[in-house]
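In: Pasting the sequence and the predicted coordinates here, then a few questions.
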Amino acid sequence: MSPCIVTIHGTIVQSSYCPQPLTANQIVLPKATEGQPYSVDISGSVSGGVKPYIFIATSDCDGLTLSFDGKLTGTPTKAGDFNLTWNVKDSAGTIIYVQ
């Protein structure tokens, strides 16, 4: 097997380890209740790429915040159904959009 060429933070590195493609599985979040504290870790839905990952919310869920390490926490301020969309970036710079 030939060596893998990986770019990490702009540096080209030859490695015998070739990471799997960065992927994220769609998840169904537990129901949140308006005015009640909420916490869920979505980092387990991501695999492959080069760890660590960085998570960035691309949609607004009133009262909830997605931390860089994949924890969605806060207290919902509105009732209703909301779609959370987010990006995840691995340490090699690969970014994927999750809806």
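Out: Alright, I've got the coordinates. All figures in this text were calculated on a predicted structure; none of them were measured in a lab.

In: Need phi/psi at S43.
Out: Main-chain torsions, S43, degrees, to the nearest 10: phi -60, psi -30.

In: now it: how far from G35?
Out: Taking C-beta to C-beta, to the nearest Å as the measure, S43 falls 26 Å from G35. All C-beta spots, glycine's among them, are computed from the backbone N, C-alpha and C.

In: Same question for N83.
Out: Counting by C-beta to C-beta, the separation of N83 from G35 is 21 Å.

In: what about these two, which has more around it?
Out: G35 (11 against 7; other C-beta atoms under 10 Å).

In: Confirm that that one sits in a helix.
Out: No: assignment of G35 by DSSP: H, G, I helix; E, B strand; the rest coil gives coil, placing it outside any helix.

In: what sits against it?
Out: T75, P76, T77 (C-beta atoms under 8 Å, 6 or more residues apart in numbering).

In: Could you tell me the per-residue confidence at the first one?
Out: This means T75. Looking at T75, its pLDDT is 95.

In: Surely it and S39 touch.
Out: No: T75 lies out of contact with S39 (C-beta atoms under 8 Å); the separation is 10.1 Å.
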